[in-house]
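Asker: Just to be clear, the model below is a prediction. Sequence and coordinates:
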Amino acid sequence: MAIPLIYPVIIGVLAGLGIIINSTKSDLGDLEGSESDCHQDFLNFDKNLTVNESKRISLDKARVAIEKKIRNYFKGINLYNVPKFYLHGSANLGTQIRTYDDSCDYDVGIYFFKRPPHSFETIQNHLKKALDGHTSLRVNLRNKCIRINYRNDFHIDMPVFYTEDKKSFYLGSKGNNWSKCDAKIFKDWFLEKTDGNEQVIRIIKYFKAWGDNYKHELPSGLAYTVWVEKYYVAHKRDDVAFILTASNLFHHLKDEHWSPKYWDCNMPVLPHDDLIDNLDTKQKYNFKEALESLIEEGLNALKSNDYEYAMEIWKKQCGRWFEC
């Protein structure tokens, strides 16, 4: 569950290129009644990040149409059983956001209930044929899924799983690799850790929006989900909790690996893969600099008594959906 706010509370204070974790809860006492209190603005930010009802309806309709095409296709393919489908990812966890360009994604797992007779790559090609011409954009064959793109709106990622006993599930990836993996176990882990704490959900969404606001590739939304669950620091104000959590995350990353090139973010459940393994050393350093900037400017906003100044900082850090 949440890391309690205790003495000394972790707040990062920039010192050279690093961050020294040395402030205490007494520093936060000075924030009581501060003119730069932006808690309500962050709550509004959370609402702005939420996918609107019309787009959610479109996503659901697209999902139904795709599933129908895939089922019908595999009915005509010998040696395969007709797959079933399960909603994965942020839409299933309550952490889905609108990106800077007002798009969003859906993750829908494709489940076969016996081991497929062909390689993962062959299955991907079957899926591509099943969905050929479904949208005006190409179906992309990615490392662990296929992606169906919808112009200027959203995309749907579809990983492929199989099980033979409904107990052990295996996720396919290129190279015909099948790793033991069950999205439901991750959801159970997430729900247990969150335990009804809505602020944790909001902080994850803030991190995802912050990461999306940067031009350089930063860690995935799933990485932020795992990190926030692990390093979340509670506070009655969301703006404070956001920066406390960012400082706590950075502090632990530095403790574990001094150099960002050695940073990792492992899934807490099988297959325990590194969620930032796709980032090269330069991209990890970009993330280090971006996180330092967030903490430094966030502290400036929190310690200011100027509401407009604080709002400009949050707008710069969080992007277009944070309204000034």
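Answerer: That came through, no problem.
Asker: make it CA atoms for all contacts and neighbour counts henceforth
Answerer: Will do.
Asker: partner strands of the longest strand seen in the chain, parallel or antiparallel?
Answerer: Longest strand in the chain, counting residues (DSSP state E): strand 104-112. Counting by DSSP bridges, the strands paired with strand 104-112 are strand 84-88 (antiparallel), strand 154-158 (parallel), strand 160-163 (parallel).
Asker: if you compare those, which one is most tucked away?
Answerer: strand 160-163 (a mean of 23; mean count of other Cα atoms under 10 Å).
Asker: now the helix or strand following that strand and strand 104-112, what's the angle there?
Answerer: Counting by DSSP states H and E, the element after strand 160-163 in chain order, helix or strand, is strand 169-173. Here strand 169-173 points in a direction 120 degrees away from that of strand 104-112 (axes from the mean of the first three to the mean of the last three Cα atoms, to 10 degrees).
Asker: And the next helix or strand after strand 169-173, what's buried?
Answerer: Per DSSP H and E, the first helix or strand lying C-terminal to strand 169-173 is strand 177-180. If you call a residue buried by 16 or more other Cα atoms under 10 Å, then strand 177-180 has these buried ones: 178-180.
Asker: Over to stretch 52-70?
Answerer: 59, 62-63, 66-67, 70.
Asker: Filter the residues you listed down to just the ones in helices.
Answerer: 59, 62-63, 66-67, 70 (DSSP state H).
Asker: Closest one of those to His257?
Answerer: Using Cα to Cα, Leu59 comes nearest to His257 of those, at 40.2 Å.
Asker: Show me the one of the strands paired with strand 104-112 that comes nearest His257.
Answerer: The nearest among the strands paired with strand 104-112, by Cα to Cα, is strand 84-88 at 31.1 Å.
Asker: Dump the closest one to CSV, restricted to CA.
Answerer: Presented in CSV, the C-alpha positions along strand 84-88 are these (Å, rounded to 0.1, in the frame of the first residue of the first chain):
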residue,chain,number,x,y,z
LYS,A,84,-11.4,-15.5,-26.9
PHE,A,85,-10.5,-11.9,-25.8
TYR,A,86,-9.8,-10.1,-22.6
LEU,A,87,-9.4,-6.4,-22.0
HIS,A,88,-5.9,-5.5,-20.7
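Asker: which residues touch that strand?
Answerer: For strand 84-88, contacts defined as Cα atoms under 8 Å, 6 or more residues apart in numbering pick out 67, 106-112, 183.
Asker: Might you list the low-confidence residue ranges for the chain?
Answerer: Counting by pLDDT under 70, the chain has low-confidence residues at 1-33, 152, 324.
Asker: The residue lying farthest from the centre of the chain sits in which helix or strand?
Answerer: Among residues of the chain, the one most distant from the C-alpha centroid is Asn78; the distance is 37.5 Å, by Cα atoms, centre = their mean. Assigned by DSSP H and E, Asn78 belongs to no helix or strand.
Asker: Let me know the distance separating it from His118.
Answerer: As judged by Cα to Cα, to the nearest Å, Asn78 and His118 stand 11 Å apart.
Asker: and what of Asp255?
Answerer: 45 Å.
Asker: just Asp60 next, same as before
Answerer: Relative to His118, and taking Cα to Cα, Asp60 is found at 30 Å.
Asker: hey, C-alpha coordinates of stretch 200-216 in CSV?
Answerer: Extracted in CSV, the C-alpha atoms of stretch 200-216 (Å, rounded to 0.1, in the frame of the first residue of the first chain):
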residue,chain,number,x,y,z
VAL,A,200,-2.5,6.5,-6.6
ILE,A,201,-4.6,6.2,-9.8
ARG,A,202,-4.4,9.9,-10.3
ILE,A,203,-0.7,10.1,-9.7
ILE,A,204,-0.1,7.4,-12.3
LYS,A,205,-2.1,9.4,-14.8
TYR,A,206,-0.1,12.6,-14.0
PHE,A,207,3.1,10.7,-14.6
LYS,A,208,1.8,9.3,-17.9
ALA,A,209,0.7,12.8,-19.1
TRP,A,210,4.0,14.3,-18.0
GLY,A,211,6.0,11.7,-19.9
ASP,A,212,3.8,12.1,-23.0
ASN,A,213,4.4,15.9,-22.9
TYR,A,214,8.2,15.4,-23.6
LYS,A,215,9.6,15.1,-27.1
HIS,A,216,12.2,12.5,-26.1
